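Undergrad: Quick check, what structure comes out for this input:
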Amino acid sequence: MFKSLRNQLVLALCVLASVVGVVQGVSSYQLSKAGMSALLDLRLEQVASRMRGGFADSLPVIPARGSQPVRDIVITIWKDDQAAPYRSTEPSLALPRDAAAGFVTTAVDGEAWRIYTLRESSMVIQVAQRSAVRRELAQERAVSTLWPMIVLVPLLWIAVLLVVRRSLRKLNRLGAQVQEIDVSHFQQLSTSGVPIEIRPFINSINLMINRLAQSIESERKFISDAAHELRTPLTALQLQADNLQPHIAPSNQERFRELRGGITRSGGLIAQLLRLARADATLQADMLTRVDVAAVVVDTVAEVLPIAMKRGIDIGADEMAGAFVLAVEADIGIAVRNLVSNAVRYTQDGGKVDLSVQVREDMVWINVTDTGPGIAEELLPRVFDRFFRANTQIEGSGLGLSIVTAIANKYGGMASLRNRQDGPSGIVASIGFPLASSDS
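TA: Numbering: from 1, shown residues only. The predicted structure follows:
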């Protein structure tokens with residue numbers, strides 16, 4: 001999870017937003033409490049000032065005991081040297097007359113009070129409020145300031161997630177383009193709309209793509225040139241061997257047949273190298289035509305049918321969906337021929353090879369199923385490697401499946417090979433191509 005840059009950014013920004021929200025909330029809470037306390041003090045001071053202006057006489061001389069609400073303030077007025085208060089809203093509460101002028105918090109009758117004392121020449125005015133009531137009022141007001149933070153922080157988390165996702169969307173598209181790069185597709189990455197900080201990285205990737213394309217092209221040219229150059233002397237060698245055969249002594253005929261077999265195998269390898277070079281070649285759009293896949297499969301079966309009949313192999317097609325692909329017909333034929341030839345080569349005499357053409361999710365799939373021995377599961381990931389042979393006991397170049405996958409990649413398709421799971425041993429080889437649209 002934390003290997004993802006997006007997750008790291010989202011987590012870091014959300015933690016930062018949460019910390020800022022908590023600090024802001026605590027600060028707002030404390031400031032609100034302090035502000036409320038100052039406001040309540042101001043209220044006590046203002047009430048005392050009003051009492052000095054003649055409002056003291058409006059207070060009842062003997063108020064009803066317990067008639068004052070708990071949350072209200074208490075006013076006590078002292079005059080001259082009288083032992084009892086001149087006026088008081090709560091006579092049972094003995095406020096300390098000798099309290100210093102100004103504000104003081106002290107205990108009265110076992111309860112904390114906030115008292116403001118105003119001293120005049122002939123009068124002492126005291127206005128008091130319970131500290132518990134003040135705390136309750138301050139907390140109620142302070143808690144109300146936390147609700148915006150409680151609501152805004154989760155909204156900020158969502159905003160961070162959306163902004164980061166949107167910011168990295170371009171990188172996701174670039175990642176998808178990089179995944180599409182293969183030996184038949186070396187499209188450079190666009191820097192349009194890419195953040196400035198990412199452009200050096202994209203430019204480096206484009207330089208690497210150029211170097212890789214040049215290297216692959218050099219390899220293709222070498223394989224093609226080498227195959228062309230070798231084909232001529234091998235052809236000449238084959239002709240000389242044919243001319244020499246009548247003059248070979250009977251005792252050397254076996255060795256001569258081995259020599260001719262080696263020449264034939266070398267010729268086959270060179271032919272496969274030429275096919276591989278053509279499969280790797282850059283695709284030209286003007287060479288594409290609508291290819292009838294079913295017709296290609298039928299032609300391929302017709303080509304290998306004599307070999308299959310000679311070995312008693314039952315070869316046929318059990319499902320032939322009508323479908324077209326946009327490609328070079330020779331490429332499709334080579335790919336199908338290699339799959340079918342492999343199936344016939346690895347199937348024992350008297351076995352069976354089935355072909356089918358299916359259309360699934362805008363893809364045309366050609367499946368070749370045989371009753372051969374199958375392939376060890378640990379070797380399956382390597383079967384498309386060049387010159388790799390899963391069974392070295394059977395003659396082959398190790399290039400057939402490499403040509404198949406090269407042709408599939410060339411047209412944006414895919415190739416796969418798996419062991420049968422329906423009972424008999426054998427292989428299911430499949431190659432898929434994008435379905436051609438009806439107007440192409």
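
Undergrad: show me what contacts the residue most central in space within the chain?
TA: Most central in the chain under C-alpha atoms, centre = their mean is Asn172, positioned 7.6 Å from the mean C-alpha point. Contact criterion C-beta atoms under 8 Å, 6 or more residues apart in numbering gives no residues in contact with Asn172. Glycine gets a C-beta too; all of them are placed from N, C-alpha and C.

Undergrad: Please tell me how far it sits from Val164.
TA: Computed as C-beta to C-beta, to the nearest Å, the Asn172 to Val164 distance reads 12 Å.

Undergrad: cool, and Ser4?
TA: Counting by C-beta to C-beta, the gap from Ser4 to Val164 is 11 Å.

Undergrad: So those two - more neighbours on which side?
TA: Neighbour count, other C-beta atoms under 10 Å: between Ser4 and Val164, Val164 has more, with 20 against 11.

Undergrad: Next, the buried residues of the strand or helix carrying that one.
TA: Taking DSSP states H and E as the definition, one finds Val164 inside helix 147-167. Neighbour-count burial for helix 147-167, counted by 16 or more other C-beta atoms under 10 Å, picks out Met149, Val153, Leu156, Trp157, Val160, Val164.

Undergrad: what does stretch 291-306 give?
TA: For stretch 291-306, a neighbour-count test (16+ other C-beta under 10 Å) marks Val291, Asp292, Val293, Ala294, Ala295, Val296, Val297, Thr300, Val301, Val304 as buried.

Undergrad: In three-state terms, label Gly175 for me.
TA: helix (DSSP: H, G, I helix; E, B strand; the rest coil).

Undergrad: Equivalent analysis for Ile77, please.
TA: Under the three-state scheme (three-state DSSP), Ile77 adopts strand.

Undergrad: got a list of what it touches?
TA: Listed by C-beta under 8 Å, 6+ apart, the contact set of Ile77 reads Met51, Ala56, Leu59, Pro85, Tyr86, Arg87, Ser88, Met123, Val124, Ile125, Gln126.

Undergrad: same deal with Met123?
TA: Going by C-beta under 8 Å, 6+ apart, Met123 touches Arg52, Ala56, Ile77, Trp78, Lys79, Tyr86.

Undergrad: nearest to Ala327, of these?
TA: The nearest member of the contacts of Met123 to Ala327, counting by C-beta to C-beta, is Arg52 at 103.7 Å.

Undergrad: for that closest one, what are its contacts?
TA: Counting by C-beta under 8 Å, 6+ apart, Arg52 touches Leu118, Glu120, Met123, Ile125.

Undergrad: okay, among these, which ones form the most distant pair?
TA: So, the contacts of Arg52 by C-beta to C-beta: farthest apart are Leu118 and Met123, at 8.3 Å.

Undergrad: which among the contacts of Ile77 end up buried?
TA: Met51, Ala56, Leu59, Pro85, Tyr86, Arg87, Ser88, Val124, Ile125, Gln126.

Undergrad: partner strands of the helix or strand encompassing Ala415, parallel or antiparallel?
TA: Ala415 belongs to strand 414-419 when assigned by DSSP H and E. Partners of strand 414-419 in the sheet, by DSSP bridges, are strand 427-434 (antiparallel).

Undergrad: What lies in contact with the strand it pairs with?
TA: Under C-beta under 8 Å, 6+ apart, the answer for strand 427-434 is 293, 325-327, 332, 335-336, 339, 342-343, 346, 362-370, 372, 374-375, 401, 404, 407-408, 411-420.

Undergrad: Just the CA trace of it, in PDB.
TA: Written as PDB, here are the backbone C-alpha positions of strand 427-434 (Å, rounded to 0.1, in the frame of the first residue of the first chain):
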ATOM      1  CA  ILE A 427      -1.900 -28.700 -25.200                       C
ATOM      2  CA  VAL A 428      -4.300 -25.900 -26.100                       C
ATOM      3  CA  ALA A 429      -2.500 -23.300 -28.200                       C
ATOM      4  CA  SER A 430      -4.400 -20.100 -28.900                       C
ATOM      5  CA  ILE A 431      -3.700 -16.900 -30.800                       C
ATOM      6  CA  GLY A 432      -6.100 -13.900 -30.800                       C
ATOM      7  CA  PHE A 433      -6.400 -10.900 -33.100                       C
ATOM      8  CA  PRO A 434      -8.600  -7.800 -32.800                       C
END
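
Undergrad: tell me the mean pLDDT over stretch 4-21?
TA: The average pLDDT within stretch 4-21 is 82.

Undergrad: mind listing the helices for the stretch 201-350 of the chain?
TA: 253-280, 293-310, 329-346 (DSSP state H, counting those that start in this stretch).

Undergrad: where in the stretch 251-400 of the chain is pLDDT low?
TA: Scanning the stretch 251-400 of the chain with the threshold set as pLDDT under 70 gives 263, 265, 267-286, 388, 390-398.

Undergrad: Mind jotting down where the strands sit in the chain?
TA: 74-79, 87-88, 102-108, 111-119, 123-130, 289-292, 314-320, 324-327, 352-360, 363-370, 414-419, 427-434 (DSSP state E).
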